[in-house]
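Engineer: All I have is the shape, not the residue letters:
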């Protein structure tokens, strides 16, 4: 399955803000974005910034959300079409669909420090949904689903280190976590208030509605 394999910190610099794509490194002074808060390219910080058009703002917002969730253009467009068919607020529906991706849920539960790492865990068959192995990162979870780590992977030092830093009470409200059992449960569908990263989904809807 296609995915972005280039330098992730370059994406943060292009969007002008931290997207937290590299886990714990993003919270340290080693984060490249802390040292170079300007767009990538040969002109570096000397490049003059033009006033961004409305289309430019809409495009940048769409690109930012795509990069946060690790979704390429084709699948992202399909998420939009599905969100529009669902009725109600298409922007909130879009974010809900992205949040319900299995790789995002694994990340939100604290099993992984980034969505890229969570995607790898899923692709390698380390994650079970309702007792069955699921290796599709885009799998959509539903209320009542139980997501757990495969028994053979529970002694993995990376997984244990990730869970040690997780406070069960701080897990997003639509999920619950039992660290001792390496298990999480989808309590309800995510709502807009559950997404804390600054996202203006209205700009994305306006872009695709042209």
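Structural biologist: Noted; the coordinates are in hand. None of these values were measured; they are calculated from a predicted model.
Engineer: Tell me which other helices or strands the helix or strand in which residue 94 is found touches.
Structural biologist: In this structure, residue 94 sits in helix 90-99 according to DSSP states H and E. Secondary-structure packing of helix 90-99 (3 or more CB pairs under 8 Å, 6 or more residues apart in numbering; DSSP states H and E): helix 54-69, helix 73-85, helix 102-108, helix 201-208. Every residue, glycine included, has its C-beta placed from N, CA and C.
Engineer: For residue 116, find the nearest of those helices.
Structural biologist: helix 102-108 (8.5 Å; CB to CB).
Engineer: Quick one: distance of the closest one to the chain centre.
Structural biologist: 8 Å (CA atoms, centre = their mean, to the nearest Å).
Engineer: Check which helices and strands it sits against.
Structural biologist: For helix 102-108, the elements it packs on are helix 90-99, helix 115-123, strand 127-129, strand 146-149, judged by 3+ CB pairs under 8 Å, 6+ apart.
Engineer: which stretch among the ones you listed comes nearest residue 82?
Structural biologist: Closest among the helices and strands packed on helix 102-108, using CB to CB: helix 90-99, at 6.3 Å.
Engineer: what mean pLDDT does that closest one have?
Structural biologist: The average pLDDT for helix 90-99 rounds to 96.
Engineer: Quick check: which of the helices and strands packed on helix 90-99 is buried the most?
Structural biologist: helix 102-108 (a mean of 24; mean count of other CB atoms under 10 Å).
Engineer: Which residues outside that helix are in contact with it?
Structural biologist: Residues outside helix 102-108 that contact it (CB atoms under 8 Å, 6 or more residues apart in numbering) are 69-70, 98-99, 112-115, 117-119, 121-122, 127, 129, 134, 136-141, 147, 171-172, 175, 184, 186.
Engineer: average pLDDT for it?
Structural biologist: 95.
Engineer: Renumber starting at 408 from here on
Structural biologist: I'll keep to 408 as the first residue from here, and by that count the last item is helix 509-515.
Engineer: Which pLDDT value belongs to residue 475?
Structural biologist: For residue 475, the predicted pLDDT is 89.
Engineer: How much space separates it from residue 596?
Structural biologist: The gap separating residue 475 from residue 596 is 19 Å, by CB to CB, to the nearest Å.
Engineer: for residue 587, same thing?
Structural biologist: Taking CB to CB, one finds residue 587 at 26 Å from residue 596.
Engineer: Likewise for residue 466?
Structural biologist: 28 Å.
Engineer: again with residue 487
Structural biologist: Going from residue 487 to residue 596 by CB to CB gives 18 Å.
Engineer: just residue 500 next, same as before
Structural biologist: Relative to residue 596, residue 500 is positioned 10 Å away (CB to CB).
Engineer: more neighbours, these two?
Structural biologist: residue 500 (21 against 14; other CB atoms under 10 Å).
Engineer: what sits against the more buried one?
Structural biologist: Applying CB under 8 Å, 6+ apart, we find residue 500 in contact with 489, 490, 491, 493.
Engineer: how much space between the third one and residue 615?
Structural biologist: Put plainly, it is residue 491. On the measure of CB to CB, residue 491 and residue 615 end up 8 Å apart.
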